[in-house]
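J.: predicted model and sequence follow; I will ask about them next.
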There are 2 protein chains.
Amino acid sequence: MRKLSDYVPILDWGRRYNRGAFSNDLIAAVIVTIMLIPQSLAYALLAGLPPEAGIYASIVPIILYAIFGTSRALAVGPVAVVSLLTASAVGQVAEQGTAGYAIAALTLAFLSGGFLLLLGVLRLGFLANFLSHPVIAGFITASGILIATSQLSHILGVPAGGHTLIEMGATLLSHLGQVDPITLIIGGAATAFLFWVRKGLKPLLRALGLGARAAGVLTKAGPVAAVVVTTVATWAFGLADQGVAIVGAVPQSLPPLTLPGMSPDLIRQLAVPAILISVIGFVESVSVAQTLAAKKRQRIDPNQELIGLGTANLGAAFTGGYPVTGGFARSVVNFDAGAETPAAGAFTAVGLAIAALALTPLVYFLPKATLAATIIVAVLSLVDFSILKKTWVYSKSDFAAVTATILLTLGAGVEVGVASGVVLSIALHLYKTSRPHVAEVGLVPNTQHFRNILRHEVKTDPGVLTLRVDESLYFVNARFLEDLVQDRIAEGCEIRHVILMFSAVNEVDYSALESLEAINHRLTDLGVGLHLSEVKGPVMDRLGKAHFLDALNGEVFLSQYDAWTSLKSDEAVE
Amino acid sequence: MRKLSDYVPILDWGRRYNRGAFSNDLIAAVIVTIMLIPQSLAYALLAGLPPEAGIYASIVPIILYAIFGTSRALAVGPVAVVSLLTASAVGQVAEQGTAGYAIAALTLAFLSGGFLLLLGVLRLGFLANFLSHPVIAGFITASGILIATSQLSHILGVPAGGHTLIEMGATLLSHLGQVDPITLIIGGAATAFLFWVRKGLKPLLRALGLGARAAGVLTKAGPVAAVVVTTVATWAFGLADQGVAIVGAVPQSLPPLTLPGMSPDLIRQLAVPAILISVIGFVESVSVAQTLAAKKRQRIDPNQELIGLGTANLGAAFTGGYPVTGGFARSVVNFDAGAETPAAGAFTAVGLAIAALALTPLVYFLPKATLAATIIVAVLSLVDFSILKKTWVYSKSDFAAVTATILLTLGAGVEVGVASGVVLSIALHLYKTSRPHVAEVGLVPNTQHFRNILRHEVKTDPGVLTLRVDESLYFVNARFLEDLVQDRIAEGCEIRHVILMFSAVNEVDYSALESLEAINHRLTDLGVGLHLSEVKGPVMDRLGKAHFLDALNGEVFLSQYDAWTSLKSDEAVE
């Protein structure tokens, strides 16, 4: 039976919390807080929301996840892909900058939280498995490109627009004449600096004698340096008056109590995007959590993760945020900085609350171009086309799924892209199983083992046809087997017995049962025996229930070898 | 290589056509024509179209199918389920009785014909397999109930309405006060007579000394008798003036040349219904054609059937008809009456053309209640709830699919019903494969055969864990295996070797490959060997390409017995 602490994991780890864990968690929280301040502002910008929404979305959600989540190191808050999905979904129902836009973002978080919670309570976490690895990889790569492109407008100081690569590119090109040179200098310099921090700073610090961990953590503070330098420069030289877009006034306040919009019309329009955001956010979060848990031989519970992320999103909906999930970058930093328990997340929340109350005036002169630079550098690390080559070599149908996902995400938007990837992977799987591999098998000499006559030197008997069906039998391929047996019988007139070797048949559904009955009926008419061998227990139970075994004109053999020895004639040849 | 006569089967059978076949075909055509006249009028009524549309839809389509189709006995024309689907689809874009309604029906036939032709040219006939037998059975049963209910209004002489059982029932109840007594007498008597013809006439004729075939054919003429008697009575007693709805004036004409509506808006609205009608019509038609072909050991080609039905529907679109398919009742009558080639269909078309030119004035006084009675009696024979009991015993997931199909077809309409059935059967299949059966196996004494340790008395070794994975490994269950192996290893600390027995693994997709790599990685860390056995050829080829076999810390064995003998320790126990 499940205990209360399975549903509220804090009851488990909270009891054993001690001073050592406390100090480790506190140090990790300070490091993560410093990194999260610019990141939260940047992702809010990406989502089309005012900057404070990003900070608010990092406070209450992180505390709720600390109570209900199972990962020790996961940091929950705004992430790049979910921010992009939010912009795409909310942009379809409201204009950026309006009150309706912010309210729709709250509604999206509310619906997404409710959906995740529902899945968690119904223990449907396995549904996330419907996103195949190649589809996820393709989607993340294409999203990274889309996000980076969307931020170019902030670097160039021109208006942005569009949800596909083509629309975004067209908008950028049409405004190329209006590029603001000072914005471009700030944005370009910040981007170059951040790329250098990512590639060159850590080796430099190591060369200067710093430890690997300290060098890694300092590297993560690069965005803060960029923020400080460009903010000071903008203030000192009065660049805001010369056309550089700045963050401007951010309210000094703890997260406000907010109510998501609940009109049936809004809910209907946002329901599908909310489901999509939930699933993608959940998959991203669980992948990160599993990777980190495996390193410490801990386990996470995907169904409880749904509850943790669900409550976190509900929290975001009522405290001025927008959809959140477990982020890759922040979680890795948290883990590397030594976080031991979810309390580190709670301390981070406190840090961000202090920032929201006290530090927001300091970002007044922060150029949006700097935030765009931090986003570009972060997301371009997600772009990885190697999945195309790997799947091309391994499996053309996986390649087709990943290619379709990338092209449709870039060309038709994130929602169409990922939905097509999922539908296509399922359709390709069904197509493959609709024409199963069926091998005619014979006996490998001096063994009791049977293999494909086309691939191995085996003994066969012209009077006995053994077909090993390499697929479960169900409605999609039921008729295929019917036709196949009929064709094989029409070819070989010496055949007296047909053995269907069921070692790879894991299921026989009702449609396939009807096909087996039809095969049995036709073979009986022709005076040919139909036999089964190596039928698995669960399949055997079911065929028995349907009285198929009584109707079968031949026998069921435990092993193919038994079937062979009892049916072969003396002329069996090698 | 495919020959021209594969695409135009008439070139094959037409060459060998002789006098014997001609006279058999002619007799069959006369019998079918007599049966089709009332049936065509009735199905047009069901589709909400003027009566002549039913006759026109039986003329050119039947000729085109005779040229391009592969079944010798299939009779193509309006059928009950497709007529109902037409009424439901066209009713959403136009008002019954308007010119727009008839034009939309032509468009539906055009789109359906184009779609079928496209599928045929692309050789995608296997797509029809996505409708499982239980879903089809449930859908046909529920459609039969819906159709019979929809015709009650004609029997009662009250206005009809609604596309679901609840809506239809509510409309009927709200008009119960306006029931027309004379219409009810005609309709009730015709229904009772036709039921008696179906159940009681054939035994009576046999008792009177008629042969079985003649008795069967005469029975099929029952509707003609009902039509003649009620028409004469209506005319003689002037019942039309007393409120009995009659067919009225039907133009005396060959099928007119018509153009389907081609506005983008209409096409967009009808595209999805057209696909649904195509698929359902195709499945019904192919089932009938296969059943009849099997009786004479003939074969039909599903892809060529798509072409035959596609051209038939295009023909209907341009000659005043509406969507058609191969009908069960008319095909069986055609077959029983001795039709030998598709020429019988062409002769039927001639018979109906003569009827359209010469006989239409005779049906002026035909009561609509009589047509409704013929429909009710015909479709109630389709209603068969035994599929519920059969699937309940055999497989709960098939039962769930058939129950959902029936309830949703009745409660939410035919389109929602069949779509839900298909989606649910696919989802249930994926769900089952997402948690595959995995058996720990041991050696059956005195054999080389391995079976589940829970079901059989077998030899095992505490140091060797053999898991037989009873499912192909793909994205939906990739993580499941990863978790399972990890859990099993955590339980048994003596385990030195894990053998994954791949006899039932028919595919390993890219997601599953990554999971196998992760399993291999973890077991290597723990000092446990990972081995594979009985890997099928196609799977082995692919794993080799991905270099997984180089990375594997253990070996790949041809048979599980080889793996066992080389890995077991001396303490192997029974």
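T.: Happy to help now that I have it.

J.: give me the neighbour count for the residue in the stretch 51-200 of chain A that chain B sits nearest to.
T.: Per C-beta to the nearest C-beta, A:Ser132 is where the stretch 51-200 of chain A lies closest to chain B, at 3.3 Å. Every C-beta, even on glycine, is put in place using the N, C-alpha and C of the backbone. If you count neighbours by other C-beta atoms under 10 Å in any protein chain shown, A:Ser132 ends up with 30.

J.: who touches the nearest residue to A:Ala339 once chain neighbours are set aside in this structure?
T.: Closest residue in space to A:Ala339, ignoring its immediate chain neighbours: A:Ala28 at 3.8 Å, by C-beta to C-beta, 6 or more residues apart in numbering or on different chains. By C-beta atoms under 8 Å, 6 or more residues apart in numbering or on different chains, A:Ala28 lies in contact with A:334, A:337-339, A:344, A:347-348.

J.: quick one: the residue of the stretch 51-200 of chain A closest to chain B from B:Leu430, how far?
T.: 12 Å (C-beta to C-beta, to the nearest Å).

J.: low-confidence ranges, chain A, go.
T.: Low-confidence regions of chain A, defined here as pLDDT under 70, cover residues A:1-2, A:294-295, A:297, A:492, A:570-574.

J.: can you pull out the strands in it?
T.: A:76-77, A:325-326, A:438-443, A:450-452, A:464-469, A:497-501, A:529-533, A:556-557 (DSSP state E).

J.: need the residues of the stretch 1-150 of chain A near chain B, please.
T.: Contact residues, the stretch 1-150 of chain A versus chain B (C-beta under 8 Å from any C-beta of the partner chain): A:126, A:129-135.

J.: all helices of the stretch 351-500 of chain A, in order?
T.: A:368-380, A:386-394, A:396-412, A:414-434, A:478-491 (DSSP state H, counting those that start in this stretch).

J.: now the ones you listed as CSV including distance to chain B and mean neighbour count?
T.: Formatted as CSV, the helices of the stretch 351-500 of chain A follow (distance: least, C-beta to the nearest C-beta, whole Å; neighbours: other C-beta atoms under 10 Å in any protein chain shown):
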stretch, distance to chain B, mean neighbour count
helix A:368-380, 23, 26
helix A:386-394, 5, 17
helix A:396-412, 4, 21
helix A:414-434, 5, 21
helix A:478-491, 6, 17
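
J.: count the neighbours of A:Asn259 for me.
T.: Quick fix: residue A:259 is Leu, not Asn. 11.

J.: now do the same contact list for it.
T.: Here A:Leu259 is in contact with A:106, A:318 (C-beta under 8 Å, 6+ apart).

J.: do A:Ile103 as well
T.: Counting by C-beta under 8 Å, 6+ apart, A:Ile103 has contacts A:94, A:260-261.

J.: tell me how many other residues crowd A:Trp235.
T.: A:Trp235, neighbours per other C-beta under 10 Å, totals 15.

J.: so it makes contact with A:Val363?
T.: No - counting by C-beta atoms under 8 Å, A:Val363 is not a contact partner of A:Trp235; they are 10.8 Å apart.

J.: in the residues of the stretch 1-150 of chain A next to chain B, find the pair that's most separated.
T.: The span of the residues of the stretch 1-150 of chain A next to chain B, defined through C-beta to C-beta, is set by A:Phe126 and A:Pro134 at 18.7 Å.

J.: the two: who's more crowded?
T.: A:Pro134 (30 against 17).

J.: measure that one to B:Thr466 for me?
T.: Applying C-beta to C-beta to A:Pro134 and B:Thr466 gives a distance of 30 Å.

J.: ok so, going back, could the residues of the stretch 1-150 of chain A next to chain B be laid out in JSON lines, adding distance to A:Glu52?
T.: Listed next are the residues of the stretch 1-150 of chain A next to chain B as JSON lines, based on distance: C-beta to C-beta, whole Å:
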{"residue": "A:Phe126", "distance to A:Glu52": "37"}
{"residue": "A:Asn129", "distance to A:Glu52": "37"}
{"residue": "A:Phe130", "distance to A:Glu52": "36"}
{"residue": "A:Leu131", "distance to A:Glu52": "32"}
{"residue": "A:Ser132", "distance to A:Glu52": "38"}
{"residue": "A:His133", "distance to A:Glu52": "36"}
{"residue": "A:Pro134", "distance to A:Glu52": "38"}
{"residue": "A:Val135", "distance to A:Glu52": "34"}
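
J.: check contacts around A:Val79.
T.: A:43, A:281, A:284, A:324-328.

J.: mind doing that once more with 7 Å?
T.: A:43, A:284, A:325, A:327 (C-beta atoms under 7 Å, 6 or more residues apart in numbering or on different chains).

J.: ok, now A:Asn520?
T.: A:Asn520 neighbours (C-beta under 7 Å, 6+ apart): A:530, A:551-553.

J.: hmm, back to that, tabulate the contacts of A:Ile103 (JSON lines), appending neighbour count.
T.: Formatted as JSON lines, those follow (neighbours: other C-beta atoms under 10 Å in any protein chain shown):
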{"residue": "A:Ala94", "neighbour count": "19"}
{"residue": "A:Pro260", "neighbour count": "21"}
{"residue": "A:Gly261", "neighbour count": "20"}
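
J.: what segments of the stretch 1-150 of chain A are helices?
T.: Using DSSP H, counting those that start in this stretch, helices in the stretch 1-150 of chain A cover A:4-7, A:10-13, A:19-46, A:51-56, A:60-68, A:80-91, A:99-121, A:133-156.

J.: distance between the longest one and the chain's centre?
T.: On the basis of C-alpha atoms, centre = their mean, to the nearest Å, the separation between the geometric centre of helix A:19-46 and that of its chain is 24 Å.

J.: what pairs with A:Lys459 across the strands?
T.: Beta bridges link A:Lys459 to A:Leu443, judged by DSSP bridges.

J.: just checking, it touches A:Gly442?
T.: Yes - between A:Lys459 and A:Gly442 there is a contact at 5.3 Å, judged by C-beta atoms under 7 Å.

J.: ok, those two, which is more surrounded?
T.: Per other C-beta under 10 Å, whichever of A:Lys459 and A:Gly442 has more neighbours is A:Gly442, with 22 against 15.

J.: which helix of chain A spans the most residues?
T.: Counting residues, the longest helix found in chain A (DSSP state H) is helix A:264-295.

J.: show me what that helix is packed up against.
T.: Judged by 3 or more C-beta pairs under 7 Å, 6 or more residues apart in numbering or on different chains; DSSP states H and E, the packing partners of helix A:264-295 are helix A:80-91, helix A:99-121, helix A:302-318, strand A:325-326, helix A:328-336, helix A:414-434.
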